[in-house]
Each structure stands twice: as C-alpha cells, then as structure tokens.
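**Student:** what shape does this take:
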Amino acid sequence: MVDNKNEIIKVCLLAGKVMLQSGAETYRVEDTMVRIAASFGIDNPQSYVTPTGIIFSISETESTKFVRILERSTDLHKVTEVNSISRRISSKELSLEEASRLLKEVDQLKHVYPTYIQILAASIVSGCFTIMFQGGWVDFIPSVIVGGVGFSAMVYFHKIVEIRFFAEFLASIFIGLLAYLFIDIRFGLELDKIIIGAVMPLVPGLLITNAVRDLMAGHLVSGLSKGAEAFLTAFAIGAGIAVVFAFI
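**Tutor:** Sure thing, here's the model as predicted:
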C-alpha cells in the first residue's frame, strides 16, 4: 500500500499545472505526471490533460482530482525545470517533500523579461523578418519602428482588454496604419514587406507547433483546440490589416 497518496497527487497536479501554464504540450504534461506518480510507487496512474484543465487519478477506482487552467503563457524555462525535477524523481534523487518544495519554487519563479526588452526584441525581429521576406534595407528601420509600436500596442491592450484576440486585432490595425503612413511620407518603399515583418512577433508560433505535435501524438482534442486558438489569433491579425486596407 502506497502512503501519502494525497501528497503524491498534489505533486503530480502541481507539476502538470506549472507545465501547462508555461506552454508545454499536453502529451508532455500527461507523460510527466504519470512518470512522477510511477516513481512514487503508483502502479496505474491515470491522467487526462486539455489546454484548460487537468484530470488526474492514482488508479481507475480512486477518486479523481481536477485542476482548472485559466491562464497560459510561454515560459519554457519553467517547463525545463519541471522536466529536470521529474527526471530527478525518476532516478530516486528526490523525496516527495523535496519534490513538492522544488515544484513550488518553480511555480513562483518570474523569468519573464521586462516589457521594454520584449518590445526591443520584437522591433529587431520585425526588421529582420522584413529582410528575410526579401524586403529592401530601406524598409528595415520602418519595420523596426512599426513592429515595436505594434507589439507595444498588443501588450497594452492585453492589460486593459480581457477579451482574447482583441488585443492582436487592435495591434494589427496600428501596424497597418503606421506602415501606410511611412509609405505615404516616403519613409520606406514596400508596404507589404513592412507589414509582414511587423506582424511576425504577433504570430502564434508556439500554439501552432504545439497543436501539430499534439495531433501527431494522438491528442486530438488538445490539438484541435490549440489549432483553433492559433487560427483565431491569426484571423484577428489578418482582420486588423484588412480593416486598414479597406479604408485606405
């Protein structure tokens, strides 16, 4: 008989919650939870993960625990840390209490870069994408400015508007208007190249990647839901640019 069943469940759920909130694939979350439970002597753990919730039980006959996931972001450092803790648990290097303590520390970590660093990175990336998509160097600086303004707008609207996809929609409108203004004053040559480069920091690349990986792993519900979320985000970006083109 395994002792401390409730503590094992708490550790597994905490590990799964941290990973899912940090952008991990659902199949990776399930696998990690099962491995942790098995390492602590659970014979037949059961886990089911969707992008918005985690269902876990230590056996088919035991009561099931559920954790609701309301917020998700991208923090691959946390995913790496939880994976490292999971491997240490599997190799019997950590006790249940130590694993719980380390996971709580990871949950409290704040490794997100300051907003100004994110905006600076988005600006540089925008200019580089413009060149990559065969834009001229004369459009590099306009793309840097437009991309930085667009990403700043998205960050700002995310803070004041709780409706998902609305921030991306408004940010893309800003990008389209500013890019058109630069072309109108002859600060840049190719409108399409500037816009393409500037919207790239808004594109949901991680969502698309995770959706494909989940589908390939057979997690159809998670794969389709993440794919739908990525599609709606991409649609919001495209709709914002289309609105600008409709009125210029």
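
**Student:** so how far is residue 219 from residue 28?
**Tutor:** Using CB to CB, to the nearest Å, residue 28 is found at 10 Å from residue 219. From N, CA and C alone the C-beta is placed, and that goes for glycine too.

**Student:** likewise for residue 228?
**Tutor:** 14 Å.

**Student:** circling back to that earlier point, ok, residue 28 and residue 219, which is more surrounded?
**Tutor:** A direct count of neighbours by other CB atoms under 10 Å for residue 28 and residue 219 places residue 219 higher, at 23 against 20.

**Student:** residues touching the more buried one, list them.
**Tutor:** Shown in contact with residue 219 (CB atoms under 8 Å, 6 or more residues apart in numbering): 26, 27, 49.

**Student:** low-confidence ranges, this structure, go.
**Tutor:** 1-3, 111 (pLDDT under 70).

**Student:** got the domain boundaries for it?
**Tutor:** 5-108, 115-247 (automatic domain parsing).

**Student:** got TSV for the contacts of residue 219, with secondary structure and distance to residue 115 too?
**Tutor:** Below are those laid out as TSV (DSSP: H, G, I helix; E, B strand; the rest coil; distance: CB to CB, whole Å):
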residue	secondary structure	distance to residue 115
26	helix	29
27	helix	32
49	strand	30
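
**Student:** and the gap between the residue most central in space within the chain and residue 80?
**Tutor:** Against the mean C-alpha coordinate of the chain, by CA atoms, centre = their mean, the closest residue is residue 74 at 3.7 Å. Between residue 74 and residue 80 the distance is 13 Å, computed by CB to CB.

**Student:** and what of residue 71?
**Tutor:** Taking CB to CB, one finds residue 71 at 20 Å from residue 80.

**Student:** more neighbours: the two, which one.
**Tutor:** residue 80 (14 against 5).

**Student:** could you pull out the helices in this protein for me?
**Tutor:** Using DSSP state H, the helices of the chain run over 5-21, 26-39, 76-90, 96-108, 115-132, 140-160, 166-184, 191-199, 205-216, 220-247.

**Student:** hey, which of those helices is tucked in deepest?
**Tutor:** Mean neighbour count (mean count of other CB atoms under 10 Å) peaks for helix 191-199 among the helices of the chain, with a mean of 25.

**Student:** now do it: which elements does it pack against?
**Tutor:** The elements that helix 191-199 packs onto, with contact taken as 3 or more CB pairs under 8 Å, 6 or more residues apart in numbering; DSSP states H and E, are helix 115-132, helix 140-160, helix 166-184, helix 220-247.
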